[in-house]
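# Predicted model and sequence follow; I will ask about them next.
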Amino acid sequence: MKDKLYKAFVDATQNVFKLMLNVSEISAHPTENFNCEDEIDIAIGIVGDLHGEVIFRFPVETSLNMVNIMSGMQFETVDAFVTSAISEIANIISGNVLTAISENNMKCDILPPVQCKLDKDKKNETETSCCISTTIGEICLEIRMNRAS
Amino acid sequence: MLWKDNYELGVPHIDEQHKELFRRVESFLKVLRSKDCWYEKIAKINETLEFMKRYVVEHFRDEEEYQRSINYPGYEAHKQIHNDMVKYVIEVSKQYEQSNNNEQLMQEFGGRLLAWLINHVAAEDQRIADYAIKKGMSGNER
């Protein structure tokens, strides 16, 4: 399950970056080297056959690059517009993952994105994380799931 | 410029409507993001918001009509996505009115609208185009 979720999130991120941002050079690697203090964390809750959350950690620079590409405008700082735009991207990626895993008879739904603070001490049945590097910056995904009882 | 050539689907009728929709959203975002003081631009924001809202509904209706005309099998699911977006736009407009033109609310709306629209056109609508092209119905046959 852990490997399937990992792959589904990497694939969905790759597709969304390609389609929405025209960024196709993407690679996934372990998160040990992901060191970012200035980031926006967006949590997407998952309910159904799986229960948990995915936290998208967007460094500020990556976030601004993403919004600049989409809008064709120049954003210098993170504000409500930027946070909302990248929250929607996290929502879109998660929605695509659920569509992909539903093909394995796994029925889940997502909750609206919420800006959060990463809680590193929280323990879950399935935990995996990955760092995705692109030409416009990195993002890190923390995937934390439990099977619904 | 908000519109990018790689959003083109290859169905002239839909592409024209999308370009127009992007023009409307772009003019809304330009006002929203201009450096002017919020209170000075409220009138312009409200005017472009109303204009854009009307066009979004009009475009969705036209696009659904096109899907029916080509018997697109994903019509119901696509219509639901449109309905959800219209519902969101109506809800935000209502909150915005009740909040006496709160800027943060409108900035949040602008950010979500931007990402939603690009994904919708680049991913969801691409499926309609793929179907139309596959069936040989991608011209101006409406």
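Perfect, thanks for sending it. Residues are numbered from 1 along each chain as shown, chains lettered A, B, ... in the order given.
# confidence score at the residue lying closest to residue B:103 once chain neighbours are set aside?
Nearest non-adjacent residue to residue B:103, counting by C-beta to C-beta, 6 or more residues apart in numbering or on different chains: residue B:38, 4.7 Å away. (Glycine included, C-beta is placed from N, CA and C.) For residue B:38, the model assigns a pLDDT of 94.
# Residue B:76 and residue B:6: what is the separation?
Note on residue B:76: its distance to residue B:6, by C-beta to C-beta, to the nearest Å, is 28 Å.
# And for residue A:120?
According to C-beta to C-beta, residue A:120 and residue B:6 sit 39 Å apart.
# What of residue B:83?
27 Å.
# a helix runs through residue B:35, doesn't it?
No: counting by DSSP: H, G, I helix; E, B strand; the rest coil, residue B:35 is not part of a helix but coil.
# For residue B:83 and residue B:6, work out which one has more neighbours and name it.
Of the pair residue B:83 and residue B:6, residue B:83 is the one with more neighbours under other C-beta atoms under 10 Å in any protein chain shown, namely 12 against 9.
# Contact partners for the nearest residue to residue A:29 once chain neighbours are set aside?
Nearest residue to residue A:29, sequence neighbours excluded (C-beta to C-beta, 6+ apart): residue A:131, at 5.5 Å. Taking C-beta atoms under 8 Å, 6 or more residues apart in numbering or on different chains as the criterion, residue A:131 is in contact with A:28, A:29, A:30, A:31, A:33, A:34, A:138, A:139, A:140, A:141.
# Neighbours of residue 27, how many?
Using chain A. Around residue A:27 there are 11 other residues, counting by other C-beta under 10 Å.
# actually it's chain B I care about, not the one you picked
Using other C-beta under 10 Å, residue B:27 has 15 other residues around it.
# could you measure it against chain A, distance?
To chain A, residue B:27 is 13 Å away according to C-beta to the nearest C-beta, to the nearest Å.
# In chain B, which residue sits nearest chain A?
Nearest residue of chain B to chain A: residue B:111, at 3.2 Å (C-beta to the nearest C-beta).
# Run through who's touching the helix or strand containing that residue.
If you go by DSSP states H and E, residue B:111 is part of helix B:103-119. Residues outside helix B:103-119 that contact it (C-beta under 8 Å, 6+ apart) are A:16, A:19-20, A:67, A:70-71, A:79-89, A:92, B:2, B:7, B:21-22, B:25, B:28-29, B:32-33, B:38, B:45, B:49, B:85, B:88-89, B:92, B:95-96, B:99.
# List buried residues within these.
Those of these that meet the buried threshold are A:16, A:19-20, A:67, A:70-71, A:79-89, A:92, B:2, B:7, B:21-22, B:25, B:28-29, B:32-33, B:45, B:49, B:85, B:89, B:92, B:96, by 16 or more other C-beta atoms under 10 Å in any protein chain shown.
# before we move on, what SS does the most centrally placed residue in chain A have?
Centroid-nearest residue in chain A: residue A:56, 3.7 Å away (criterion: C-alpha atoms, centre = their mean). Under three-state DSSP, the three-state class of residue A:56 is strand.
# so where's chain B uncertain?
For chain B, the stretches with pLDDT under 70 are B:138-142.
# Could you show which parts of it are in contact with chain A?
Residues of chain B that fall close to chain A, judged by C-beta under 8 Å from any C-beta of the partner chain: B:1-2, B:4, B:6, B:26, B:29, B:32-33, B:104, B:107-112, B:114-116, B:118-119, B:122-123, B:126.
# Just the buried subset of these, please.
Buried by 16+ other C-beta under 10 Å: B:2, B:4, B:26, B:29, B:32-33, B:107-112, B:114-116, B:118-119, B:122, B:126, out of these.
# mind checking the SS state of the closest residue to residue B:18 other than its chain neighbours?
With C-beta to C-beta, 6+ apart as the criterion, residue B:18 has its nearest non-adjacent residue at 5.4 Å, and that residue is residue B:121. Following three-state DSSP, residue B:121 is assigned to helix.
# Confirm for me that residue B:121 is in contact with residue B:8.
No: judged on C-beta atoms under 8 Å, residue B:121 makes no contact with residue B:8 at a distance of 9.4 Å.
# Many thanks, we can stop here.
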